[in-house]
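Trainee: take this sequence and fold it.
(6 chains)
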6 protein chains.
Amino acid sequence: MFHHSSKLQYEVRVDSPDPVFAKYLQQAIGGVEGEIRVAMQYMFQAMGARGDKRFRDMLMMTATEEFSHIEFLGHAVALNLEGAPLSQQEAAAEDSVVGAIMGGMNPRHVLSSGLAAMPVNANGVPFDMSHIYATGNIAADMLANATAESAGRVLASRLYNMTDDKGMKDMLSFLIARDTMHQQQWLAVIEELGGIEAALPVPNSTPEEHEAMEHSYYFLNTSLDEPTPKGVWTDNRATMDGRSTYTARDKVEPEGQVPELGKARKGSGAQKEQM
Amino acid sequence: MFHHSSKLQYEVRVDSPDPVFAKYLQQAIGGVEGEIRVAMQYMFQAMGARGDKRFRDMLMMTATEEFSHIEFLGHAVALNLEGAPLSQQEAAAEDSVVGAIMGGMNPRHVLSSGLAAMPVNANGVPFDMSHIYATGNIAADMLANATAESAGRVLASRLYNMTDDKGMKDMLSFLIARDTMHQQQWLAVIEELGGIEAALPVPNSTPEEHEAMEHSYYFLNTSLDEPTPKGVWTDNRATMDGRSTYTARDKVEPEGQVPELGKARKGSGAQKEQM
Amino acid sequence: MFHHSSKLQYEVRVDSPDPVFAKYLQQAIGGVEGEIRVAMQYMFQAMGARGDKRFRDMLMMTATEEFSHIEFLGHAVALNLEGAPLSQQEAAAEDSVVGAIMGGMNPRHVLSSGLAAMPVNANGVPFDMSHIYATGNIAADMLANATAESAGRVLASRLYNMTDDKGMKDMLSFLIARDTMHQQQWLAVIEELGGIEAALPVPNSTPEEHEAMEHSYYFLNTSLDEPTPKGVWTDNRATMDGRSTYTARDKVEPEGQVPELGKARKGSGAQKEQM
Amino acid sequence: MFHHSSKLQYEVRVDSPDPVFAKYLQQAIGGVEGEIRVAMQYMFQAMGARGDKRFRDMLMMTATEEFSHIEFLGHAVALNLEGAPLSQQEAAAEDSVVGAIMGGMNPRHVLSSGLAAMPVNANGVPFDMSHIYATGNIAADMLANATAESAGRVLASRLYNMTDDKGMKDMLSFLIARDTMHQQQWLAVIEELGGIEAALPVPNSTPEEHEAMEHSYYFLNTSLDEPTPKGVWTDNRATMDGRSTYTARDKVEPEGQVPELGKARKGSGAQKEQM
Amino acid sequence: MFHHSSKLQYEVRVDSPDPVFAKYLQQAIGGVEGEIRVAMQYMFQAMGARGDKRFRDMLMMTATEEFSHIEFLGHAVALNLEGAPLSQQEAAAEDSVVGAIMGGMNPRHVLSSGLAAMPVNANGVPFDMSHIYATGNIAADMLANATAESAGRVLASRLYNMTDDKGMKDMLSFLIARDTMHQQQWLAVIEELGGIEAALPVPNSTPEEHEAMEHSYYFLNTSLDEPTPKGVWTDNRATMDGRSTYTARDKVEPEGQVPELGKARKGSGAQKEQM
Amino acid sequence: MFHHSSKLQYEVRVDSPDPVFAKYLQQAIGGVEGEIRVAMQYMFQAMGARGDKRFRDMLMMTATEEFSHIEFLGHAVALNLEGAPLSQQEAAAEDSVVGAIMGGMNPRHVLSSGLAAMPVNANGVPFDMSHIYATGNIAADMLANATAESAGRVLASRLYNMTDDKGMKDMLSFLIARDTMHQQQWLAVIEELGGIEAALPVPNSTPEEHEAMEHSYYFLNTSLDEPTPKGVWTDNRATMDGRSTYTARDKVEPEGQVPELGKARKGSGAQKEQM
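Mentor: Next up, the predicted model:
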């Protein structure tokens, strides 16, 4: 069960409100790299977690933290919209080129939300929940979470660069820091489970007889004119799951048939000529 | 530039066509764990790849392979739809309960595609390209790819369990194998770049002065009644990026202010009582 | 800031797990009438609330409650999926018609979530955040909330009827009760603001000179063959905002011009014949 | 059955075409507060209306009016796009900063529609029909409609403020007026059915034994540090449905269990460590 | 401006209500081949039509007809849902396998709409307005419309085959007939404009100097092992626009460069190793 | 199976990078008129093609070409983003009005992709696969393809006009040329099948007894005040399928009943007053 306290998790200060930056900041709320995504992803993973109870607890605890991030980011967007132009006159007053601000901000920050945050990204596209990845497999989920926190920290770093506002830089430096920890903690779960070698291939519960193992360890070069790139993934080095060695196939020959569906059935809605 | 050869990458055989399994199989084509996603994700990552040319090449080569996976899975769906009922009579003939098949299959496999695969998932929801994750950061992208291949191999394993059809099991065992390799190869890129320690925190190019480092290494317990779960992520162990040690904060106090937006502006469309 | 305690807000018990009912129950989580919607809607309204602080507090408190509803409903879905078939053999064992269960359940409850709840509706369509209505106008928002709770209680009542499971009926009777209160409380906010008469027309801050008042109080009968339906909204009764009386217009004549855009411009991509 | 006459319902005049305002105006066509939404919502409610025939007639009549609103708004968008720049030279000619107009307008107004309206909102996001709320419950539907007209009138008022164009202000004043009436008429239907007290709780047909009435009339304070806000919704005042009195619960204790799903099943695609 | 008359355009009769067929029928309302699509497509094309006024009139007239099709199809869905099970007992009573009906119908036909049509397709996916194709180019639009009516007639024919119900077959035979005419009429517009030869290439207003004509008339064989398929499109026959002759290129050599983006910029959020 | 060669199909050169044009160019990648759409559409049509093998081959060959178009357009977007501002200072340096560039470009080109192409349109809306039209009917599919190539060539022509950049104009002139051929080739398939007359009505396999032929050949004038537009589609001229002559109906009378659903069922979640 959830509870709330009235103060924000972290202080939000905007020295110079900027409605265009408000639009950019939305990516951290409703973007695929944003906080709604991680909050909901961790919560749904927690609700489906089977096995070691500690991971469920971690997931729910961090989900709860992420809901608090949505909250202070929402406040940051609203503060950046203070004073945003409600009319062409106001837009003109703030800028010598009429329309530069009205053209550059998210129109719906005035029209739909009345100068407040929305659950949308920097293009105004609403977040949709198909981005909540929760597979029921703890290793797949931890990788998904480390991925989300990586993209999240990339985003926070880019937003940090984008603004000159001291208050915003301070808030973003907090987000950058928390994303650092969240990357660490999800990868640490994999360590706790024996590390990458033990976790791979995900799922590690698939019986080997379900796998055409002769196809499991070669890099497939599908290029007609490029040599196989060399590296850790080639040259008979040990694979990361400890089961085999990496090889490569340069000369690709299809192994399957030429597909053929024959004639269309009567009554199937095709043209007569297909039947 | 792309080229094509007429044979499938792998042989597809369906011993007993099953329109309900065709619906399930769609998840591997148009689901978030499916082949359209990885094909397009690798292609867009390749198109935005900066730095070491080998990674761009790997991405484009594997993107090309994944397009071939879409192709043979599409054939598998079509073969499972051979003989699917085009009318209630046909449905009744196949099953003693009229409608069990018509109710259980994807209606659009008859109505929209005429007994062929579609770019949709097992619920008939079309794939959308917001799931193509390509950040321009090679580490974030490699984690995203390992994640996608993990969810993909979980899916392929579940589909393998779901069916009794030998041909389908054979094809799925090939997919399971290729997903094994793809997990390996993307994680191997991180190894090539110095390993997880060097890669973290992602992006590793963010200057430390952009980060509120005092918040970077504690696990935040937001629960009112649960102790902090113990593990690799606690107890002063070294963090995975080698920069610090893990700690935890049990007693959470908000650090920010009570948010307050004051009165609504005149002309902002609020109720008078808010102004 | 948010916090969490480990127990659910309400006890969840499933006497006879039913994967088809699990699919139905998803509507209460990820449907437009569901809990993700109200939780997020109240939270975003709170974050944009201007004026009387009490309403912001109410919104955040009830948002917090709704997150707890997602949590116990998520558990209810998972419990209904216990024992769901992972293979055609398991499906056959449970039901004499092979495929009836596999056809009737949400495939992604096995394939994607591994027997756990997802943020999708009963058709498997993911919730999307465009349904979060938060206008910055307290009256419009309260109506939106009463609407959401009405549709929510309709849904809970229908789900109650759909199931025979005692545990599920008990849980749903709790949801029905809370939706009762939530309807009451949002409408009570309008009372607190002076009642419907004072609130209308929403927004009540629009100056009358912005309104073509001669068009504000007639019901427009656009039918060619039906008389105007009579009722509270006709016959010179007082309007609900106390500003006028209701009338009706039976004979509709367009007041505008025949629209005409003329020729297409050169270079606009039209056909030559349009230019 | 529908019919059409060639003139617009209301005259549309644009004194100074403005492609940025055309982008804003799209919200009134394809936004969630817009005319496609209400037109389709009333039509689908009408098609599912059971009981008193007058309400079905009202719904279809007003749906028909709303289709006419789409029509004149579409013309208004096209007129605002007259003269919009088709090339960088044209953009430069109109404004001293090259790109200010090309950057601020909706690119698809040139690229996709050739200077005409589209069924999208002010961000260019297409309207989707999940926003058509039609529950089959007349009270829930009337609240939904009053909500839609409230958000619609808020939007029209904001657009009115945004523009200096006299023709546009005139057209918007007509929309503001019609939204006034539509708010009135949908709420009047609830009056006709006995008023809010009789309508609540929605649905009023749910038997009381389906409701855990001990949870139906308290406001739940989920905050750890804020007192319950006082008002109409507290202090033993009579509830709006006349069935009880309002109370509040300040001290929240979860009533449910700690959720626990146990081990993952063999064959479910989880990691071995979860089994 | 739109008007309405109370009778349906065509009589709707359902002899044996069938909730599974109701689900199928939804494709004709809210599918990409359905009536919402064509109604809205013709209306938006009409609103953007420039040039010959006759085409705008035709578009609006047929848009109006299509709204009437939505209306009677909506009634057909509702009639098919009469008697649909509202509980497991009712489902069991109708069918010896509990759940066969509950599993096969669209759950939201009970849960969300209360036994009425919805603006969704046969998978329950809501229609979205991105499918409204209106380019401002009359030839492109006419092809889009002939396409839509072709897919629509394919769908209607498949639905006709799917059902045994005489009333439904009668209604569908009307739809099949109207789709016949609508195909004819949109292609007739192209005839009126001089026929396919004059219309091609679309847009026919693009100056030839904007086109790399040396690439305009060869079929590109991108296959490594298949010969170029022979037909009207090869062998120096005259092209359909009368400007040239068809040829083919068998041996494909890329004409462009190897793409190369160089190093990532400082501050761009990439990994250090990319810079 | 697919293969790749390292060079682009066509040379891409950007003389003056322009981040606002990069946003516009996205329409050609991820718009409904763009290359992802045609690539995937032809591939799915190929995978479902029944009947004459040549058409499957053509479809797969051209799908393969379109994947190559995505590739060079992706490069063009990235090249236009070279030097795009990563901070407000950089934006200010490039333009005297701070924010004109930051406001006009797609924020996600910095925030999400790190200066690279994305699978989105010019509004930043991701492409979704519901736009892949593949019916299993060869004539319907060929019309859909000619439509897509028409909208595509309209788009390419508009983009050509929009830019001053010589490199971009050159690349677009190639796209314009290829779209010319693709229009030709898909229509040529219909010629090969006997031409439009033989193909119509689509599907031509629907038995005449499934069609209410008395409704198949009149244009329905649904206007109350406009005469029927005259043209190829009226006046007893021969219809394009050679089966009949065109007529028109001016005076429209509904042929159906007044729809009526009666009372709501008990337990259906309606209000009591509806029952």
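
Trainee: by residue count, tell me the biggest helix in chain A.
Mentor: helix A:53-81 (DSSP state H).

Trainee: which strands and helices sit next to that helix?
Mentor: helix A:19-25, helix A:27-30, helix A:35-47, helix A:166-192, strand B:218-220, strand C:2-4, helix C:35-47 (3 or more Cβ pairs under 8 Å, 6 or more residues apart in numbering or on different chains; DSSP states H and E). Bear in mind the C-beta positions are built from the backbone N, C-alpha and C, glycine included.

Trainee: need the ones you listed in TSV (columns: mean neighbour count, distance to residue F:222 and mean pLDDT).
Mentor: Below are the helices and strands packed on helix A:53-81 laid out as TSV (neighbours: other Cβ atoms under 10 Å in any protein chain shown; distance: least, Cβ to Cβ, whole Å; pLDDT from 0 to 100):
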stretch	mean neighbour count	distance to residue F:222	mean pLDDT
helix A:19-25	26	43	96
helix A:27-30	26	42	98
helix A:35-47	26	45	98
helix A:166-192	23	56	97
strand B:218-220	22	64	96
strand C:2-4	26	55	97
helix C:35-47	26	38	98
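
Trainee: okay if I get those as JSON lines plus distance to chain D?
Mentor: Output for these, formatted as JSON lines (distance: least, Cβ to the nearest Cβ, whole Å):
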{"stretch": "helix A:19-25", "distance to chain D": "10"}
{"stretch": "helix A:27-30", "distance to chain D": "12"}
{"stretch": "helix A:35-47", "distance to chain D": "7"}
{"stretch": "helix A:166-192", "distance to chain D": "9"}
{"stretch": "strand B:218-220", "distance to chain D": "16"}
{"stretch": "strand C:2-4", "distance to chain D": "6"}
{"stretch": "helix C:35-47", "distance to chain D": "11"}
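
Trainee: can you put the ones you listed in CSV and add distance to residue E:267?
Mentor: What follows is those, written out as CSV (distance: least, Cβ to Cβ, whole Å):
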stretch, distance to residue E:267
helix A:19-25, 15
helix A:27-30, 17
helix A:35-47, 23
helix A:166-192, 14
strand B:218-220, 28
strand C:2-4, 33
helix C:35-47, 30
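
Trainee: for residue B:136, find the nearest of the ones you listed.
Mentor: Closest to residue B:136 of these, according to Cβ to Cβ: helix A:27-30, at 14.2 Å.

Trainee: the closest one near chain B anywhere?
Mentor: No: remark: helix A:27-30 sits outside contact range of chain B, by Cβ under 8 Å from any Cβ of the partner chain, the gap being at least 11.4 Å.

Trainee: what about stretch A:115-122, average pLDDT?
Mentor: For stretch A:115-122, mean pLDDT rounds to 98.

Trainee: C-alpha coordinates for that stretch, CSV please?
Mentor: Taking C-alpha atoms only, stretch A:115-122 is exported to CSV below (Å, rounded to 0.1, in the frame of the first residue of the first chain):
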residue,chain,number,x,y,z
LEU,A,115,0.5,25.7,-17.6
ALA,A,116,1.2,22.4,-15.9
ALA,A,117,3.0,19.2,-16.7
MET,A,118,1.4,16.5,-18.8
PRO,A,119,2.1,12.7,-19.1
VAL,A,120,3.7,13.3,-22.6
ASN,A,121,7.1,13.4,-24.1
ALA,A,122,9.0,16.3,-25.6
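
Trainee: does at least one residue of it sit close to chain F?
Mentor: Yes: Stretch A:115-122 reaches chain F (Cβ under 8 Å from any Cβ) through A:121, A:122.

Trainee: list the buried residues in the least confident helix or strand in chain A by mean pLDDT.
Mentor: Least confident element among the helices and strands of chain A, by mean pLDDT, DSSP states H and E: helix A:88-94 (a mean of 77). Neighbour counts over helix A:88-94 (16 or more other Cβ atoms under 10 Å in any protein chain shown) mark A:88, A:90, A:91, A:92 as buried.

Trainee: need the strands for the stretch 101-250 of chain A, in chain order.
Mentor: A:218-220, A:247-249 (DSSP state E, counting those that start in this stretch).

Trainee: the first one close to chain B?
Mentor: Right, the one you point to is strand A:218-220. Yes: remark: strand A:218-220 sits within contact range of chain B at A:218, A:219, A:220, by Cβ under 8 Å from any Cβ.

Trainee: likewise stretch A:103-117?
Mentor: Yes: residues of stretch A:103-117 are located near chain B by Cβ under 8 Å from any Cβ, namely A:110, A:114, A:115, A:116.

Trainee: which of these fall in helices?
Mentor: The helices, defined by DSSP H, take in residue A:110 from the residues of stretch A:103-117 next to chain B.

Trainee: now, the most widely separated pair of the residues of stretch A:103-117 next to chain B?
Mentor: Within those, A:110 and A:116 form the most distant pair, 10.2 Å apart (Cβ to Cβ).

Trainee: no more questions from me, cheers.
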